[in-house]
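Trainee: structure here, sequence nowhere to be found:
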């Protein structure tokens, strides 16, 4: 066997083991017995140790040095393997273990602090997470910027400066749009009693409509919706609020976007580094375009309004136009995950600036709550009422996810670019959406984005799909047009 | 760290990984998407490779040589680790791989042959399985007997000669009992339409009644009921036939017996070799005593008859005595898994003799079907009507399980000994069973058998529980007494 083939055979086995570890997490969030937590921690730890040993195996460096990539895909495989290997060997084993131990413990401390609305109960642990994540970033960054090294884990090639430039362009236009919309007449949310089984049945129908392949996946319930796996086994979870059917329906469509990305990757890349979504930003572009640009469009609302009345009878919404306003309702809220398409990005920018300052050492954890509350008031026009609705609302920092938040808005920016290109290519799109036919739109995304997996860099992936480098313009134009009409 | 502590830390991680591999099999049988089979085979293969590398790791032999067991449990741990290590290093890697590949393929060939009622379609594959299993046994046995080496995988310390002596004692008394019973008036099976949800609800109630801890387990549906896992995460599966509620109920109680054994082991042995059921025979003794000696007893039938009428209304059985006869119905059947407590053992003895002859080379695969049919006629008094009801009915041989069948009857023998001892110790047992109170009986089994896990050998485990070496006498006495009354 050539060095390249040996490398790929080893990597394939590593990927297979990594899929097993991923399924262990799925199991934990969906079906694991309540009392199995302690044993499960040992099982997950043992899997992590196996994977770490393989990722840092010195033979990988030798094979990489000796191998010749046979083609473009082979070169991409080697690039991704080198990236993973380099990252793994740079972080000292002791630090990796300490971080894993701390973040598994700190999630529980965060959850308790959030339940008690007590930031001070979480602050010392968060300070320790920040300290260790800075150490890890220093090991990864060499002479470079710590926060850039963190971003690179989730969005290879992106930098804080580049993201800041995009966000600076977005912020004034979003704030203006938000002020205009919240000054107009409000929309009441749908409230009522929506049968759980009916919600789940309709969600499954919508998942199939958006192209989710149930032969290679399944939908279960979990506290927080997520998508998990790749290739032949890509599972999603959803949740049900009996008083708000849109929670379940749009959570499902969002996760279907993630899952269709993984299911759509060329099967030739199965169990290889190229055989997975290329970055968090591109992943989020898929979930967002499924959920928002397609799922919350005026045209699709025609179809969905009919399906909901079929399913639930009178839902207390008089006509399609009102329905369209309801699913795009903008209001003064606190919570990122409940925000509309406009304010969502303001939530992200707040977190981006906070975490950048934390990592740079310009903001201490002790001052974080006050800084958050001040910035929130400035950006959203109303004050945070309690920590659970403010600085304690997200799990991310407790598990060490710094540099992750900006990929959500980057995903929106990518989705804006893709949607503009998709509309150009599919002149019949609105008519298709209005009859619940998503096949052309999801087919376009599969061909232009999903099929490639990790063959190109994230930026290249979007550029090749759209015919131009990604920028915030298309998203902002789309939002101003959509919400301008909605709140005129 | 001492050599012993190092050995145990390594072993603990191996055990954790082995639990992960076991859960992967559970996932495959219960929730895996249909289209994920190919990828799953690679995932399972990768886990198997990791486990094989750990089991054959030369450091294990070094640690074993250097370690001092600190106590009785430590000595048992070392004995079991040595056993596993020796077995793993004796089988050449090429042979292990060839066997894994063949048996994963041959199961499908067997299933197709059974569906087509065509033994010839399976025979060449079975011959190849026999050939490779003989090779493996030769590597394990050294100068010893091949079939004994196979038995040792499932029932350490048992031998074909020892089992044959037990079975020779059992056979005439079982045949006589069978002839007497089948000569008496027959009992009609229950038939009707039994709602699936109600069956599952009642099964869950019975599982809890028999001591299954749902905090550390769960019940799902699968084609073939099984129990899986150990320690904090022991899951069972069941199945439902809408026209026969006893299929689901007694399958569940049977698997609960297996699961309670694993759940009942002292938590101090968690994720160690001692922290698992000690042998297939002892495991089966637990599932059988839960299902038969307790679950099909006259006293428990008083309780269960009431519960079934509560759940399903009129079930077409007029009174408790008739109900007792129905759940212990003996009739001329073909299928091992559907057999009553008496004929079940005749099924096992047939397979024991067939596979012993196959492995010894006294019977060729080409002659197996004829030999099976002839022996069946002699033992059961009626002729096999088609291969699916005869030589093709069990999956075991297709996946290389030779030496496994006799542990089922050994489990019955053990259950007979345990039940006699349990009745001596619990004079109020019948009154307890009649009111659905299983706590004293299952508590006795937990204290006397389950808690110990693999601390003693299988034989010692039973001897210590009963105060005497195991023998077939108690089982035969119990069966003659029970079925003598039922078919008087």
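Mentor: That came through fine. Keep in mind that what you see is a predicted model, and the values were worked out from it rather than measured.

Trainee: residue contacts, whichever residue of the stretch 251-400 of chain A sits closest to chain B?
Mentor: Nearest to chain B, among the residues of the stretch 251-400 of chain A, is residue A:271, at 6.1 Å (Cβ to the nearest Cβ). From N, CA and C alone the C-beta is placed, and that goes for glycine too. Residue A:271 makes contact with A:12, A:15-16, A:19, A:231, B:39, B:42 under the criterion Cβ atoms under 8 Å, 6 or more residues apart in numbering or on different chains.

Trainee: what secondary structure does the closest residue to chain B within the stretch 51-200 of chain A sit in?
Mentor: The nearest approach of the stretch 51-200 of chain A to chain B comes at residue A:54, 9.2 Å away (Cβ to the nearest Cβ). Three-state call for residue A:54 (DSSP: H, G, I helix; E, B strand; the rest coil): helix.

Trainee: correct me, but it touches residue A:17?
Mentor: Yes. Using Cβ atoms under 8 Å, residue A:54 makes contact with residue A:17 at a distance of 7.2 Å.

Trainee: what count of nearby residues applies to the residue of the stretch 51-200 of chain A closest to chain B?
Mentor: By the criterion of other Cβ atoms under 10 Å in any protein chain shown, residue A:54 has 20 neighbours.

Trainee: just the pLDDT for the nearest residue to it once chain neighbours are set aside.
Mentor: Closest residue to residue A:54 apart from its sequence neighbours, by Cβ to Cβ, 6 or more residues apart in numbering or on different chains: residue A:14 at 4.6 Å. Confidence at residue A:14, expressed as pLDDT, is 98.

Trainee: got it, and the one 4 residues further on?
Mentor: Taken from the predicted model, the pLDDT recorded for residue A:18 is 97.

Trainee: OK, contacts around it?
Mentor: Counted by Cβ under 8 Å, 6+ apart, residue A:18 has contacts residue A:51.

Trainee: any idea how far it is from residue A:443?
Mentor: Taking Cβ to Cβ, to the nearest Å as the criterion, residue A:18 is separated from residue A:443 by 29 Å.

Trainee: quick check, residue A:64 in contact with residue A:78.
Mentor: Yes. Assessed by Cβ under 8 Å, residue A:64 is found in contact with residue A:78 at 6.3 Å.

Trainee: those two - which one has more neighbours?
Mentor: Neighbour tally, residue A:64 and residue A:78, criterion other Cβ under 10 Å: the higher count belongs to residue A:78, 20 against 17.

Trainee: tell me the pLDDT at the more buried one?
Mentor: Value for residue A:78, per-residue pLDDT: 98.

Trainee: same check, this time on residue A:488
Mentor: Taking residue A:488 on its own, its pLDDT is 78.

Trainee: next, the angle helix B:3-30 makes with the longest helix along chain A.
Mentor: Longest helix in chain A by number of residues (criterion: DSSP state H): helix A:3-30. Helix A:3-30 and helix B:3-30 are oriented at 80 degrees to each other (axes from the mean of the first three to the mean of the last three Cα atoms, to 10 degrees).

Trainee: now helix A:3-30: buried residues?
Mentor: Going by neighbour count (16 or more other Cβ atoms under 10 Å in any protein chain shown), the buried part of helix A:3-30 is A:4, A:7-8, A:10-30.

Trainee: pLDDT score assigned to residue A:265?
Mentor: Note for residue A:265: predicted pLDDT of 98.

Trainee: and it, what does it touch?
Mentor: A:230-231, A:274-277, A:450-453.

Trainee: at 10 Å instead, please
Mentor: Neighbouring residues of residue A:265 by Cβ atoms under 10 Å, 6 or more residues apart in numbering or on different chains: A:230-231, A:234, A:272, A:274-278, A:446, A:449-455.

Trainee: for residue A:165, same thing?
Mentor: Residue A:165 is in contact with A:159, A:472, counting by Cβ under 10 Å, 6+ apart.

Trainee: remind me which helix or strand it belongs to.
Mentor: Using DSSP states H and E, residue A:165 sits in helix A:160-183.

Trainee: which stretches in chain A count as strands?
Mentor: Under the criterion DSSP state E, strands of chain A are mapped to A:219-221, A:227-230, A:233-238.

Trainee: what are the buried residues along the second one?
Mentor: Neighbour counts over strand A:227-230 (16+ other Cβ under 10 Å) mark A:227-230 as buried.

Trainee: what residues does the stretch 101-250 of chain A have near chain B?
Mentor: Residues of the stretch 101-250 of chain A found near chain B, taking Cβ under 10 Å from any Cβ of the partner chain as the criterion, are A:213-218, A:220, A:229-235.

Trainee: closest one to residue A:388 out of those residues, please.
Mentor: Closest approach between those and residue A:388, by Cβ to Cβ: residue A:220, at 26.5 Å.

Trainee: I figured the closest one hits residue B:31, correct?
Mentor: Yes. Contact criterion Cβ atoms under 10 Å: residue A:220 and residue B:31 qualify, at 8.1 Å.

Trainee: quick one: common contacting residues for those two?
Mentor: Joint contacts of residue A:220 and residue B:31 (Cβ under 10 Å, 6+ apart) are A:26, A:30-31, A:235.

Trainee: could you export those as a markdown table, including pLDDT and distance to residue B:126?
Mentor: A markdown table is the format used below for these (pLDDT from 0 to 100; distance: Cβ to Cβ, whole Å):
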| residue | pLDDT | distance to residue B:126 |
| --- | --- | --- |
| A:26 | 96 | 37 |
| A:30 | 95 | 39 |
| A:31 | 96 | 36 |
| A:235 | 98 | 36 |
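
Trainee: ok so, going back, residues shared between the contacts of residue A:54 and residue A:17?
Mentor: residue B:50.

Trainee: re the thing from before, out of the contacts of residue A:265, which are buried?
Mentor: Listed as buried from the contacts of residue A:265 are A:230-231, A:234, A:272, A:274-278, A:446, A:449-455; burial here means 16+ other Cβ under 10 Å.

Trainee: residues contacting residue A:266?
Mentor: A:73, A:274-275, A:450-453, A:455.

Trainee: who touches residue A:219 in this structure?
Mentor: Counting by Cβ under 10 Å, 6+ apart, residue A:219 has contacts A:200, A:203-204, A:207, A:212, A:225, A:235-238, A:252, A:255-256, A:259.
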